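Colleague: Build the 3D model from these lines:
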Amino acid sequence: MTTLPATTDKKLGLVIDLDTCVGCHACVVSCKGWNTENYGAPLSDQDAYGSDPTGTFLNRVHSYEVQPETGPAQLIHFPKSCLHCEDAPCVTVCPTGASYKRQEDGIVLVNEDACIGCGLCAWACPYGAREMDAAAGVMKKCTLCVDRIYNENLPEVDRVPSCVRTCPAGARHFGDLGDENSDVSKLVAARGGMDLMPEQGTKPVNKYLPPRPKDVEPEMDVLAPYLQPVAKDQKGFLGWLDKALEAI
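Modeller: Just a heads-up that it's a prediction; the model follows:
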């Protein structure tokens, strides 16, 4: 079995804003594209244009209708991929060491050359974040685009996961969640970021920002008193124009 590092130098991960995500699936498409058409390990499809298409994806978006205690029902779009857990059961259950967690940044990866496709890691993952590639016969999972984030041949703005770079709503954020002064850590603290299924004890690095309540009475506009007309009765040309318009 594979051993987890006692600590990691960084905790690179994603912060996903469920209030901002619009369910457009741009992150899904960009992830599939980057990992199939560019530098990542190819993600195969089976019968893509047939009656029963299947395929391998590292990121998926699920949509749920949620009924809050008060107010109307809300549609929540829920992106899901590997959460790069600190106590990752998919790593410790791997019999060949193919699944491992990097000490330098905390990213959980799969060495496909050592993977025998036994599926134990998929059974151990409580989030269903791993997928067996039917063509390759090995397990696939989110890599946080490790081939992008350290690629000095790319412009600095592109050295983030493909899903983060692509999201049109700005719902996905990337950074070091082990650094309390990082932008992602500050965002989690400000918005009450949450772990997914914390009862599992896996300590996921990725965090979710909860959706804000809808249809709440807006606060009184502090500028409203200053926007009222200074004079009740218009004089001069404006007064004549006002009376002329009223007479029409």
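Colleague: Kindly tell me how buried the residue nearest to residue 55 when sequence neighbours are not counted is, as a neighbour count.
Modeller: Using CB to CB, 6 or more residues apart in numbering and skipping the chain neighbours, the partner closest in space to residue 55 is residue 45 (3.8 Å). To be clear about C-beta, it is placed using only N, CA and C from the backbone, and glycine gets the same treatment. By other CB atoms under 10 Å, the residues close to residue 45 number 17.
Colleague: go on, residue 89?
Modeller: Based on other CB under 10 Å, the number of other residues close to residue 89 is 19.
Colleague: from memory residue 62 sits against residue 75, does it?
Modeller: No: contact criterion CB atoms under 8 Å: residue 62 and residue 75 do not qualify, at 11.3 Å.
Colleague: Pretty sure residue 141 sits against residue 133.
Modeller: No: judged on CB under 8 Å, residue 141 makes no contact with residue 133 at a distance of 10.3 Å.
Colleague: Report the contact partners of residue 115.
Modeller: 96, 98-99, 138-139 (CB atoms under 8 Å, 6 or more residues apart in numbering).
Colleague: Just the buried residues of the helix or strand bottoming out on mean pLDDT in the chain, please?
Modeller: Least confident element among the helices and strands of the chain, by mean pLDDT, DSSP states H and E: helix 236-247 (a mean of 74). Across helix 236-247, burial judged by 16 or more other CB atoms under 10 Å covers no residue at all.
Colleague: now do stretch 114-125
Modeller: 115, 120-122, 124-125.
Colleague: could these be laid out in a markdown table, adding distance to residue 19 and pLDDT?
Modeller: Formatted as a markdown table, the buried residues of stretch 114-125 follow (distance: CB to CB, whole Å; pLDDT from 0 to 100):
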| residue | distance to residue 19 | pLDDT |
| --- | --- | --- |
| 115 | 37 | 96 |
| 120 | 36 | 97 |
| 121 | 32 | 97 |
| 122 | 30 | 96 |
| 124 | 31 | 97 |
| 125 | 26 | 97 |
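Colleague: hang on, the earlier thing: return the distance of the residue nearest to residue 55 relative to residue 146.
Modeller: Separation of residue 45 from residue 146 (CB to CB, to the nearest Å) stands at 23 Å.
Colleague: Would you confirm that residue 16 belongs to a strand?
Modeller: Yes: looking at residue 16 with DSSP: H, G, I helix; E, B strand; the rest coil, it is inside a strand.
Colleague: What score does the closest residue to residue 31 other than its chain neighbours have for pLDDT?
Modeller: In space, and not counting its chain neighbours, residue 31 is closest to residue 59: 4.4 Å by CB to CB, 6+ apart. Here, the pLDDT recorded for residue 59 equals 96.
Colleague: Now for residue 59: which residues touch it?
Modeller: 27-28, 31, 79-81, 142, 163.
Colleague: In strands, which of those fall?
Modeller: 79-80 (DSSP state E).
Colleague: between the contacts of residue 59, which is closest to residue 110?
Modeller: Nearest to residue 110 out of the contacts of residue 59 is residue 142 (CB to CB; 10.3 Å).
Colleague: Now the closest one. Its backbone dihedrals?
Modeller: Dihedral pair for residue 142: phi -60, psi 130, per degrees, to the nearest 10.
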